[in-house]
Structure formats: C-alpha cells, structure tokens
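# one predicted model, sequence on top.
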Amino acid sequence: MKAEFINPFLESARNVIEQMVQIRPSTGQLAVKDIQLVDHHVWIQIGLTGQMSGNIVFGLSETVALKIISAMMGGFVITEIDEIGRSAISELGNMISGNASTLLYNQGVRVDITPPRIMRADFVDHFTPGRALAVPLIMDGIGEMEIQVLIA
C-alpha cells in the first residue's frame, strides 16, 4: 500500500468540501490502521476497479455529517439523517471519488468508481474490514472526516 494512493483523494476532498461547505479543511497525520466501524458514525464506501482495486471509506460522526448536510442544503438546519441527507452525504463521497479518479487518470492510472454505499456500525453487509491508509480532514467549526484507502 503506497501513501501516494491517498493524495488524489485528499486533494479532491479539500476542493470539493471547500466548494460545497465553504470551509478549506486541513489534513491530519497519515496513519495505517485497522478499519473499525464506530457507533454513531456514518461511513461512505466507494469501490475502486481498474488499475487500482479496493475501497475508499469516508468516516464521519453523525454530528459532523449533519453539519455538512446542512451546509450542502444552503444552511437549512438538519436534525436527523433522513433519505435526503443520506443522498447528500453519498453525493459528497461520490464527488470526491470522481474527482480523485480524474486526478489518477491524469497521472496515468485508470480507475473506475462504484456508486457510494452508506454504512453504519449497527447495519453492515458485504464489507470486509482491513488495514487502510487513513488521514483525517479537519474542518474548523464542523469537525473531522477521515479518509481511509484500502487498496488490494
């Protein structure tokens, strides 16, 4: 697993979050860790196929997800993650991954992404946890979103 695999996702995430939430996130410390789906968190899984295969998992607390969904909806206060909220947060993961796949393509790496899947610790199917490169994105006033890259 190479650290440069995560860089296009970090660059894309910073750009997409800045456009959608109007906050420029900073990056925390890169680590290799076992993925654990934690209670009261939302996990967005995007599959990768092509010259890279594996998964990208975006993890954020429900509180952070609500703040991001609210910002994406023009500041409308959101108090629960309903179907529209799940769609919005899924689209955020989709936009980040789509832009990252374009950055990878420009580096000569052909990769396709699968549609996003929302996962929660209390209901997970068809997901095998593993070791991942993980980097938190820190958003002032909102919290953190962790990007985890599991490349086979």
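In hand now; what should we look at? Numbers count the residues shown, from 1 in each chain.
# return the helix or strand in the chain with minimum mean pLDDT.
Ranked by mean pLDDT, DSSP states H and E, the weakest helix or strand in the chain is strand 31-34, scoring a mean of 86.
# which residues sit against the helix or strand just after that one?
Sequence-wise, the next helix or strand downstream of strand 31-34 (DSSP states H and E) is strand 41-50. The contact list for strand 41-50 (C-beta atoms under 8 Å, 6 or more residues apart in numbering) reads 37, 54-62, 65, 81, 89-90, 92-94, 97, 101, 109-121, 127, 151. Quick note: C-beta positions are derived from backbone N, CA and C, even for glycine.
# pairing partners for strand 41-50, with directions?
strand 54-61 (antiparallel), strand 111-113 (antiparallel), strand 117-119 (antiparallel) (DSSP bridges).
# then the longest one to PDB, C-alphas only?
Only the C-alpha atoms of strand 54-61 are listed here, as PDB (Å, rounded to 0.1, in the frame of the first residue of the first chain):
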ATOM      1  CA  GLY A  54     -10.100  -1.700  -3.300                       C
ATOM      2  CA  ASN A  55     -12.300   0.700  -1.400                       C
ATOM      3  CA  ILE A  56     -12.300   4.300  -0.200                       C
ATOM      4  CA  VAL A  57     -14.200   4.800   3.000                       C
ATOM      5  CA  PHE A  58     -15.100   8.200   4.300                       C
ATOM      6  CA  GLY A  59     -15.900   8.200   8.000                       C
ATOM      7  CA  LEU A  60     -17.500  10.900  10.000                       C
ATOM      8  CA  SER A  61     -19.600  11.200  13.100                       C
END
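# report the next helix or strand after that strand in sequence order.
helix 62-72.
# flag the shaky bits of this protein, pLDDT-wise.
1-3, 121-129, 152 (pLDDT under 70).
# 50 instead, please
Along the chain, segments meeting pLDDT under 50 are nowhere present.
# quick check, central residue of it?
Central residue of the chain (C-alpha atoms, centre = their mean): Phe58, 2.7 Å from the mean position.
# that one: what's its closest spatial neighbour, skipping adjacent residues?
Spatially, and ignoring its direct neighbours in sequence, Phe58 is nearest to Ile44 (4.3 Å; C-beta to C-beta, 6 or more residues apart in numbering).
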